[in-house]
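# any chance you could fold what I've pasted below:
(chains A and B)
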Number of protein chains: 2
Amino acid sequence: MNKTMYAYGAEKSAIREISAFAAARKAQIGADKVFDFSIGNPSVPAPDAVRRSIERALELPPCELHGYTPAAGLPAARQVVAASLNRRFGTAYTADNLYLTVGAAASLSISIHALTNPGDEVIVIAPYFPEYRVWIETAGCACVEVTADQERFQIDAAAVCAAVTPRTRAIIVNSPNNPTGAVYARANLEALAQVLGEKSVEQGQPIYLICDEPYREITYGAEVPWVPGIYGNTVVCYSYSKSLSLPGERIGWVLVPDTMPDADRVMCAMAGAGRTLGFVCAPALFQRVLMDCVDEPSDVEAYARNREALTAGLARAGYTYVEPDGAFYLWVKALEPDAEAFFERARSFELLPVPSTSFGAAGWVRVSYCVPYDTIVNSLPAWEALAASYR
Amino acid sequence: MNKTMYAYGAEKSAIREISAFAAARKAQIGADKVFDFSIGNPSVPAPDAVRRSIERALELPPCELHGYTPAAGLPAARQVVAASLNRRFGTAYTADNLYLTVGAAASLSISIHALTNPGDEVIVIAPYFPEYRVWIETAGCACVEVTADQERFQIDAAAVCAAVTPRTRAIIVNSPNNPTGAVYARANLEALAQVLGEKSVEQGQPIYLICDEPYREITYGAEVPWVPGIYGNTVVCYSYSKSLSLPGERIGWVLVPDTMPDADRVMCAMAGAGRTLGFVCAPALFQRVLMDCVDEPSDVEAYARNREALTAGLARAGYTYVEPDGAFYLWVKALEPDAEAFFERARSFELLPVPSTSFGAAGWVRVSYCVPYDTIVNSLPAWEALAASYR
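Sure, this is the predicted structure:
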C-alpha cells in the first residue's frame, strides 16, 4: 500500500471534518441549534435554466448524449465558452484554447502537472485553499507560502519577488479569494505581473501564473480583472460549481490563451496530464448544460444579503474581519491568538467556522456564508455570546 | 512545461486517432462506405430507465441534487451497489466497501496509486488496454507484460510466476477482456490465485490483484467468476460505461472487500489517491441514476447478433480469430506478420480495426463490434476482398 496516499486519506480535509461534525451535531440537538459555517456548498439553487437544459438534452439520442466526448470536450461546448469569454473580455479565443475538465480540482491538478516538473517550487498566497498544497506535492513540487498583506489581503508583490528562486515554476492566484473574500485589484495584479515578468527574463524561462477563478461571478461591486490580459503566461482554471451551483456535477475548464508563448505545446501537456491522471472527459450531459447556461447570471443577491447581515452582526459584536469583495467567505480575526482554541470555544456556542490553520495562517477563522439567511440571523446571539465570553 | 505530460498528450491514443480518421473519411466519401471498428463506444442506447431516473432526480431540490457528495459517494448509492453485488455473488458488502469514482479510468488510476509505491512493478496480461501502461508509469511504477496463452488467451499462470520479482506489487486482470474478448475461466483464475498467494507468502507482503471489469455484464454464456471470492487481496474496478451505455458520464466504483487484510487502510489510501489526483466526488446526478438503474439489464442481444454476423462472415472469408466469450471486441489474426502493414492494407478497403501493436502484441487486429448491425453486414464484402488480396 502507498503510505503517502494513506496519509492523505487519513488526514482528511478539516473543512469536511467540521461539516461532518455539524451534520452529526444537528441530528443530536436539532438542525436549528447548530450554525454550520464550514463548507462552501452553495445555498443558492442552480438556476432553472439548468433543469430545462437537462430536459432538452434528454431528447437527444442516448448514444449521442451519453457517449464519450473528445478528451478536451465537445467542440461546440468549448466554442460557446470561448464566445462568452470573448464577449466579456474583448478576447479572441476559440474552442482550441479550452480544455473542459471534471471541475476546478481537476483543472488545478492538471495545470500543475502540465506546467511543472518534480523538484520545482509553486508559490501560493497565504492564507490559501488547503488542497493547493496536496496537488502541488502530488506533482512532486514544493509548496512555497507567501503571506498576503495583512491589511486588505492583497498580494504582497515584494514578498513574492523575495520568494522566487531558480526552481520557482508557477504561482497560484485565487481571486475572488477563498478564504479571505479579497478580490485582487488591477494595480496589485500588475505589480505581480511585473515581478513575474522580470524574474522570468532573469531565469530565461517562464514563471506561469495559474489563475483559480471559481468565484469570478460572485462579487459585490469590485472589478475582477481578466488576468491573461495583464500577464501573458497565465492559464485560467474555472468551474461552474459556484456560479451555477453545480459543485457535485464536476464541470469546469482550463483556458490556455494564445498570449502564452508555446500555447499549443502547453495545451498538449494539459491533455497529457488529463490522460495520465485518469480523466477521460468532462461529464457529457453537463457539457451540454454549459452550452445553454454559460451566460446564466449567478444569484449574487442572496449571498449579498447574507454578507450584509453577517458583517453587520459581527461588527456590532466587536469582531474584526476583512470586508469581503467577493466569494462567500468572511475572514474573521480570532479573539485569541490560537485559532484552534478559538474554534473550540466557538464550537461550545454551536458556531462552526473553520480555523485559519487549515489555510496556512494563524489567528483567524473562515466563516462560509453560503447558508440559509435564517442561519445567519439566528447565529448572531451566539456570536455575541462568544465575544462576551472573551471580555 | 512538463515534457512527460507533453509526450503523453502528443502521443495520443491510437484508438482515438483511428476513430478521428474514420470520422474525417466518412465526411469525405460517405458514412456508409467507411467501416469504423476502432473505438469501444457502445452502439446500444442507455436503457430508458436512465432517462426516467434523471427526470425523477430533477424533482429534488437543486441544492440537494447538485451539491457536493461525500468523496466516496452518497451512502445510499453505495448501499444500493453493495446490495446488488450481495444478491448476485452471495457476499456481505456494505457501503463502506465501495468508493464511487469518475469512471473506470479513475478507478484504475486511483487503485494503482493507492496500492503501489514508485519503483514497484505492476504486471499486465498482453495484449492489454494501452492506458494501463500510462497509469502505471504515472504512478512511478514499471509495467511488466506477461503474454497470455496464444490459444484461448487465458492467463498463463506459469509465465506470471516467472515474471514476479520482489518489486512486483500488483497485477491487472481484465475479464471479459479488451481486446481479446476472452473471459478467464474459474480454474484459470484459481491457478493465478495460487501463484499470487505463494509469492505473497514468499515475499512477506501481498501482491494485489486489480480486477478491471467494465465488461462483466456483456457476455455470451460464459461465467464471469467473482474474483474476490477466489483471491482475497483483490480490488474490483467497475464502470457503467458499457453496461448502461454511459461512457461520457464518467461513473463507476472501486470495491475493497473485507477479504483483503487491512481493508480499512486500503480504502483510506483509495480516498487519499482520489483526493490527491483531483477527483472530488463522482458526478452527483449519476450517483442517483445508479440508485435506480444498478440492476438494469444490459442489452446484450444487439452485441450477440453483431458477434454472430461478424464471426460467421470472417470465418467464411478464411480469417482466424479468438471466439469471444464477452465484451464487444473480436481479436483477429492479421494476414501478414506486421499488424501495422495489415492495418494499412485494411484501410485501403475502408476497414478500420486497431492494430495489435497498440495492445502490446504483434500480428493481430482488434475489431470493435459495438457498431450498428448494418455496418457489420455491409463490411463483409470488404473483409472478403481484403483476404482475397493476400491469396
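
# can you pull out the strands in chain A?
For chain A, the strands defined by DSSP state E occupy A:35-36, A:98-101, A:121-126, A:142-147, A:168-174, A:208-212, A:234-239, A:252-255, A:321-322, A:329-333, A:351-352, A:354-355, A:364-368.

# turn these into CSV, columns for mean neighbour count.
Yep, even glycine has a C-beta here, placed from its N, CA and C like the rest. CSV is the format used below for these (neighbours: other C-beta atoms under 10 Å in any protein chain shown):
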stretch, mean neighbour count
strand A:35-36, 22
strand A:98-101, 28
strand A:121-126, 24
strand A:142-147, 17
strand A:168-174, 24
strand A:208-212, 26
strand A:234-239, 26
strand A:252-255, 26
strand A:321-322, 20
strand A:329-333, 23
strand A:351-352, 22
strand A:354-355, 25
strand A:364-368, 26
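
# as CSV, those strands with mean pLDDT and distance to chain B would be great.
Formatted as CSV, the strands of chain A follow (pLDDT from 0 to 100; distance: least, C-beta to the nearest C-beta, whole Å):
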stretch, mean pLDDT, distance to chain B
strand A:35-36, 96, 13
strand A:98-101, 98, 9
strand A:121-126, 98, 12
strand A:142-147, 98, 13
strand A:168-174, 98, 9
strand A:208-212, 98, 9
strand A:234-239, 98, 10
strand A:252-255, 98, 11
strand A:321-322, 96, 25
strand A:329-333, 98, 16
strand A:351-352, 98, 16
strand A:354-355, 96, 15
strand A:364-368, 97, 12
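
# residue A:265: neighbour count?
Here the number of neighbours of residue A:265 (other C-beta atoms under 10 Å in any protein chain shown) works out to 17.

# confirm for me that it is in contact with residue B:6.
Yes: under the criterion of C-beta atoms under 8 Å, residue A:265 makes contact with residue B:6 at 6.1 Å.

# domain ranges for chain A, per the record?
In the domain annotation for chain A, the residue ranges read A:3-47+A:298-388, A:49-293 (automatic domain parsing).

# dump these to JSON lines, plus distance to residue B:250.
Output for these, formatted as JSON lines (distance: least, C-beta to C-beta, whole Å):
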{"stretch": "domain A:3-47+A:298-388", "distance to residue B:250": "19"}
{"stretch": "domain A:49-293", "distance to residue B:250": "5"}
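
# quick check: which of those domains is buried the most?
Among those, ranked by average contacts under mean count of other C-beta atoms under 10 Å in any protein chain shown, first place goes to domain A:49-293 (a mean of 21).

# around chain B, which positions in the stretch 201-350 of chain A sit nearby?
Counting by C-beta under 8 Å from any C-beta of the partner chain, the positions of the stretch 201-350 of chain A adjacent to chain B are A:245-250, A:262, A:265-273, A:275-286.

# quick check: bridge partners of the closest residue to residue A:282 other than its chain neighbours?
Nearest residue to residue A:282 in three dimensions, chain neighbours excluded: residue A:100, at 4.1 Å (C-beta to C-beta, 6 or more residues apart in numbering or on different chains). For residue A:100, the beta-bridge partners under DSSP bridges are residue A:253.

# and residue A:100, what does it touch?
With contact set as C-beta atoms under 8 Å, 6 or more residues apart in numbering or on different chains, residue A:100 has these partners: A:69, A:72-74, A:77-78, A:81, A:251-253, A:281-282, A:287, A:290.

# the same query, at a cut-off of 6 Å, please.
Residue A:100 makes contacts with A:73, A:253, A:282, as judged by C-beta atoms under 6 Å, 6 or more residues apart in numbering or on different chains.

# and which of these is nearest residue A:328?
For these, the minimum distance to residue A:328 (C-beta to C-beta) is 21.6 Å, reached by residue A:253.

# and the residue nearest to residue A:282, how close does it get to residue A:110?
For residue A:100, the distance to residue A:110 (C-beta to C-beta, to the nearest Å) stands at 11 Å.

# and the residue of the stretch 51-200 of chain A that's closest to chain B?
Per C-beta to the nearest C-beta, residue A:109 is where the stretch 51-200 of chain A lies closest to chain B, at 2.9 Å.

# that residue against residue A:135, yeah?
Yes: counting by C-beta atoms under 6 Å, residue A:109 does reach residue A:135; the two are 4.8 Å apart.

# in JSON lines: the contacts of residue A:100, plus distance to residue B:224.
Output for the contacts of residue A:100, formatted as JSON lines (distance: C-beta to C-beta, whole Å):
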{"residue": "A:73", "distance to residue B:224": "34"}
{"residue": "A:253", "distance to residue B:224": "38"}
{"residue": "A:282", "distance to residue B:224": "31"}
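
# of those, which is the nearest to residue B:24?
residue A:73 (19.1 Å).

# contact partners for that closest one?
A:100, A:282, A:287.

# again, but for residue A:7
Counted by C-beta under 6 Å, 6+ apart, residue A:7 has zero contacts.

# how about 8 Å then?
Neighbour list for residue A:7: residue B:272 [criterion: C-beta under 8 Å, 6+ apart].
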